[in-house]
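S.K.: sharing a sequence plus its predicted fold:
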Amino acid sequence: MDKDKMDKDRENRKDKIDRITEYTDIDNGLSDVQRVKVLSPGMLVVRRFLRNRLAIIGFVIITFMFLFSFVGGLLTPYNETQVFRYIGTMSKEYVSVTINEEFRFTVAEGMSYGNAAHARFILAKNRGDSVFTHNDDEYHIIQEAEDFYRVVLSEPKARITYIRGVMSVTPLENGLSFDEDVQNAIRQAIETEQTSFIVGEEQYTLTRQGRDYVLGTIEDVAIESLLITDGVNTNKDLGFGFKLALEKALRSGDSLSFQFEGDFYEIEEDENVASVYKVTGSSREQYALISQMAVQAISPDVVLTIEFKTALEKAIVDGERKFTYPDDAGNAIVYDINRINNVYTVKTETRTHLISMHEQPSSQHWLGTDKHGMDVLTRLMYGGRISLMIGFLVVLLETALGVVMGGLAGYFGKWVDMLIMRIVDVFFCIPFLPILIILGSVMDKLDVDPQKRIYYLMLILGIMSWPGIARMVRGQILSLREQEFMLAAEATGLSIYRRIFKHLIPNVIPQLIVLATLGLGGVILYESTLSFLGLGVKFPFASWGNIISGVSTAYEMTNFWFVWIPAGLLILLTVLGFNFVGDGLRDAFDPKMKR
Amino acid sequence: MSEIKDDNIIEVKNLKKYYPVSSGLFSKVKYFVKAVDDISFNIKRGTTMGLVGESGCGKTTVGKTILRLTDKTDGQILFNGIDIHALNRKDLRAIRPKIQIIFQDPYSSLSPRMPVGEIIGEAVRDNNLVPKEDFDDYISKVMLDCGLQVYHKDRYPHEFSGGQRQRICIARSIALNPDFIVCDEPVSALDVSIQAQILNLLMELQEKYSLTYLFISHDLSVVEHISDTVGVMYLGSIVEYSDKKTIFGNPLHPYTQALFSAIPVPDPDIKKERIILEGSMPSPANPPSGCKFHTRCRHCMEICKHQDPQILEVEKGHLVACHLYPSKIRS
């Protein structure tokens, strides 16, 4: 019985063992063949990264930013620098009127009389001289009225000797004689000390030369006057003769009509403004306007009619503040007249194309428009392109520089290391922001093209920020170089190239990726700061920084939130995203981090 | 030193390695650490030389200097009659595969970002040792020889245990078909059961590939197991050198005696006289005058304090550096 039990026991145990061995053989064998497919270190990193929720959030944010900037820019119906306008009215300066206090001259046909001669005339007039010379010509000034002078050339005709009432006239040309009227006029002129006189149609000048006088006949060169004459036909010059006749008639005081080249003109004077009418038969029409006012349109393509000018000048003379005049279509338009010293500005409400600045968000502009009238959402997309591109290129540049410099320092050591690390120390001593501000203003001064400026900005940021990477790479390589696998690699006779690029660099890459990812956020932030300060990306190119810097006053900040808050949010989210991803990568690369 | 010279794969003659210690801003050399101070020995082709000594006595430096992983200060190292330290870079690269090293730490001696097949085969490919079409088969064969499986090729070092990693290290060396391997404490980091496997593997490979080993260890029982000849180092010098039987049977130098008395014997009945050394090893930067061991020697005489003993052949093939043993055989 005892034996039976033992047998049974033994059988049971054997059964159990069999079952266990069967079980282990099939499923849970510890032999290598049974193991799950193993992952490379890279795949392990990816797995750990994917398990990190924050890192995934960061990754999603960055992906969104990329889609937003690069795809969004393609989808938006607007351009980066498209300005939106609408038609509206605005008060605009239309005409300026100046009270003329300077002599203006009109030159006779065929005569040369320029600004230099005009200046000599002003000097001579102020001195009280009746003669001045210019370019070897002797000009005589004949005052016709107050503020109206004729400038004439005089041709000597006779020499006159006059001693105590006894006068002798010696003609300078043979066969020339002067009748009694002229002789009397000369005597009268000498006695009354006049420099010119008229006999009949002829006007003479009398110039004193020592004891003698020289009698000359005159030839008109120019008239100098304060009054300004405008013709009805703005294309046709009124001509010297007409102006002379008009002014003479106007100054004579009694006769308000004159004849010129067979036509008959009438002057209608109204205080300081005079209209000239051409009389043909029984009808008369306005022919010219003469006054001391210079009327000029602000816009060069506006032609003012003589009627408008007449009405305006009359309004100014009457001291009106407003003045109404019908436009071409016959609508009465009200003009405001403002006086500043001798200048009157006339403003009018005109309908023009206006830039739609700071438009509130609408279905057309989801985030409104900025102060340049550009669509904010579109500019955010294009700005994202530049910000992200600058971020990536700068990090690429600084990483390349940092790896090369740090690698050289770490691998070769000795004086190479010494030299490079001192350079790094120097770079760490340079105050980053002031240098960038200085370089930014240098670029301003040199008037660098905004497109090129972006590249220079990348270059500068990259050059300024490699030392951190170089220091990290050097440290890593110094520690890796002493690892036994590097000694083994040397002992197996591998080339230096393979040792550096197959053994050293792959072991530095994890830290490099982490540093570069974290650096990306920093660079984007730096770019925004510089653009905000007006030193980085310049208008018309958009970047998130300069979109924010477009808002510069408290009024704009409080009222136009849609311009700066979205840009600020995008910067915040992007930097946050990069930092999340960087942290996630760091944790993923560190096998000791287990969550 | 009466062997036929041609049979020596490695001859080390008066090797010195001093590390300068500098201080101050302008790098003035203050003093030298004499890591290896005037060492000579030969290793016969196909044998294993054990090099034992306390930690810090310069064993590893000797190994690295033989491979020219560090530069020597003085002396000569001949490999097959070629002075390794006199080669230019190109010739050195050509000879490198012939001399290999296995490190103590199997964790830091494998690049973590490279699959095992690449670690083993990289240098083979770089040195063009095997035609391209045979490359895969060759690596597989080496891996099988070293107790690894072919499918391990695509795995990464972090997936292996210490023993397997050490096998990978051995495979990396063997793959280059070397003549001489420096084993720098290859089993110290492994537990005892694995140690035996690795040692047996090394001995198998020695037979199969006719290798010569310099086996550096502080573990005397391991050295006894694997070595043909043994050198005992103390503070940068070899104090005793002989074949295994002689030195284990009849250790002459007081330091060797003290060292060997510390070997545990797996028999509780045997009462062994244990020689306890007092104090610790002096700094190699400031070694004692005369015999370097005199500060800790129980037979210390007056002469030991002043005169450095020469290494002399006391018996046939048994060299000792100690004033206790005047040379019996004058050669």
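M.R.: That came through fine.
S.K.: check which helix or strand residue 203 maps to.
M.R.: You didn't pick a chain, so chain A it is. Per DSSP states H and E: A:Q203 is located in strand A:202-209.
S.K.: should've been chain B
M.R.: helix B:192-209.
S.K.: show residues contacting that helix.
M.R.: B:46, B:48, B:145-147, B:162-163, B:166-167, B:170, B:174, B:177, B:183, B:186-187, B:190, B:211-213, B:222, B:225-226 (Cβ atoms under 8 Å, 6 or more residues apart in numbering or on different chains). Quick note: C-beta positions are derived from backbone N, CA and C, even for glycine.
S.K.: could you list the buried residues of it?
M.R.: Buried residues in helix B:192-209, counted by 16 or more other Cβ atoms under 10 Å in any protein chain shown: B:194-195, B:198-199, B:201-202, B:205-206.
S.K.: could you do stretch A:535-549 as well?
M.R.: A:535-539, A:541-549.
S.K.: near chain B, list only the ones from the residues you listed.
M.R.: Residues of those in contact with chain B (Cβ under 8 Å from any Cβ of the partner chain): none.
S.K.: can you flag which of those belong to helices?
M.R.: Per DSSP state H, helices hold the following members of the buried residues of stretch A:535-549: A:544-549.
S.K.: excluding chain neighbours, what is closest to A:S257?
M.R.: A:E266 (4.7 Å; Cβ to Cβ, 6 or more residues apart in numbering or on different chains).
S.K.: now do B:R96 against A:N507, distance only.
M.R.: 22 Å (Cβ to Cβ, to the nearest Å).
S.K.: so where does A:A245 fall, helix or strand?
M.R.: Going by DSSP H and E, A:A245 is part of helix A:240-252.
S.K.: and for that helix, what are the contacting residues?
M.R.: A:106-109, A:144-145, A:148, A:150, A:220, A:222-223, A:225, A:227, A:229, A:255-261, A:265, A:267, A:269, A:274, A:276, A:288, A:290.
S.K.: likewise stretch A:318-326?
M.R.: Contacts of stretch A:318-326 (Cβ under 8 Å, 6+ apart): A:308, A:311-312, A:315, A:332-337, A:346.
S.K.: so what's residue 114 up against?
M.R.: Using chain A here. Contacts of A:G114 by Cβ under 8 Å, 6+ apart: none found.
S.K.: wait, chain B
M.R.: So B:M114 contacts A:502-503, A:506, B:122, B:156-157 (Cβ under 8 Å, 6+ apart).
S.K.: are any of the residues you listed buried, and which?
M.R.: Judged by 16+ other Cβ under 10 Å, buried ones among those: A:502-503, B:122, B:156-157.
S.K.: got those residues as TSV, with distance to A:I571 and secondary structure columns?
M.R.: What follows is these, written out as TSV (distance: Cβ to Cβ, whole Å; DSSP: H, G, I helix; E, B strand; the rest coil):
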residue	distance to A:I571	secondary structure
A:K502	40	helix
A:H503	40	helix
B:E122	46	helix
B:Y156	40	coil
B:P157	43	helix
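S.K.: tell me the secondary structure for B:C297?
M.R.: coil (DSSP: H, G, I helix; E, B strand; the rest coil).
S.K.: any chance you could map the helices in the stretch 351-500 of chain A?
M.R.: Applying DSSP state H, counting those that start in this stretch to the stretch 351-500 of chain A gives helices spanning A:376-412, A:414-429, A:432-446, A:450-481, A:484-491, A:496-498.
S.K.: just give me the closest of the ones in helices among the buried residues of stretch A:535-549 to chain B.
M.R.: Checking those against chain B with Cβ to the nearest Cβ, the nearest one is A:W544 at 37.4 Å.
S.K.: can you list the buried residues of helix B:192-209 in TSV and add pLDDT?
M.R.: Shown next, in TSV, are these (pLDDT from 0 to 100):
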residue	pLDDT
B:I194	87
B:Q195	89
B:I198	89
B:L199	90
B:L201	90
B:L202	91
B:L205	90
B:Q206	91
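S.K.: the residues you listed: which two are farthest apart?
M.R.: Comparing every pair within these by Cβ to Cβ identifies B:I194 and B:Q206 as the most remote, at 18.5 Å.
S.K.: just the buried residues from the contacts of helix A:240-252, in ChimeraX please.
M.R.: Applying 16+ other Cβ under 10 Å to these, the buried members can be selected in ChimeraX as follows:
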select /A:106,107,108,144,148,150,220,222,223,225,227,229,258,260,265,267,274,276,288,290
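S.K.: quick one: the buried residues of helix B:192-209 as TSV, columns for distance to A:F242 too.
M.R.: Below are the buried residues of helix B:192-209 laid out as TSV (distance: Cβ to Cβ, whole Å):
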residue	distance to A:F242
B:I194	125
B:Q195	128
B:I198	125
B:L199	130
B:L201	126
B:L202	126
B:L205	126
B:Q206	129
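S.K.: can I get stretch A:221-239 in CSV, CA atoms only?
M.R.: The C-alpha trace of stretch A:221-239 is given here as CSV (Å, rounded to 0.1, in the frame of the first residue of the first chain):
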residue,chain,number,x,y,z
VAL,A,221,12.7,144.4,-71.8
ALA,A,222,10.5,143.4,-69.0
ILE,A,223,7.9,144.5,-66.5
GLU,A,224,8.2,144.0,-62.8
SER,A,225,5.0,143.9,-60.8
LEU,A,226,3.4,142.5,-57.6
LEU,A,227,0.2,141.7,-59.5
ILE,A,228,-0.5,138.3,-61.0
THR,A,229,-2.4,138.0,-64.2
ASP,A,230,-4.2,134.8,-65.2
GLY,A,231,-5.8,134.3,-68.5
VAL,A,232,-9.0,132.4,-69.1
ASN,A,233,-7.2,130.2,-71.5
THR,A,234,-4.6,128.7,-69.3
ASN,A,235,-2.7,127.2,-72.2
LYS,A,236,-2.1,130.5,-73.9
ASP,A,237,0.3,133.1,-72.5
LEU,A,238,-1.2,136.5,-72.3
GLY,A,239,1.9,138.1,-73.7
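S.K.: for B:F32, which three-state class applies?
M.R.: Here B:F32 is recorded as strand under three-state DSSP.
S.K.: does it really touch B:P284, like I thought?
M.R.: No: with contacts counted by Cβ atoms under 8 Å, B:F32 stays clear of B:P284, the gap being 9.0 Å.
S.K.: with neighbour numbers in mind, choose between these two.
M.R.: B:P284 (21 against 16; other Cβ atoms under 10 Å in any protein chain shown).
S.K.: can you tell me the SS state at that one?
M.R.: coil.
S.K.: just checking, it touches B:E54?
M.R.: No: using Cβ under 8 Å, B:P284 is not in contact with B:E54, being 11.3 Å away.
S.K.: how about the helix or strand bottoming out on mean pLDDT in chain B: buried residues?
M.R.: The weakest-scoring helix or strand in chain B, judged by mean pLDDT, DSSP states H and E, is strand B:312-315 (a mean of 82). Using 16+ other Cβ under 10 Å as the test for burial, strand B:312-315 gives B:312-314.
S.K.: what subset of these is also close to chain A?
M.R.: Within the buried residues of strand B:312-315, nothing lies near chain A by Cβ under 8 Å from any Cβ.
S.K.: how about a markdown table for these, with distance to A:R120 added?
M.R.: Output for the buried residues of strand B:312-315, formatted as a markdown table (distance: Cβ to Cβ, whole Å):
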| residue | distance to A:R120 |
| --- | --- |
| B:L312 | 126 |
| B:E313 | 128 |
| B:V314 | 130 |
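S.K.: nearest to chain A, of these?
M.R.: B:E313 (33.4 Å).
S.K.: many thanks, have a good one.
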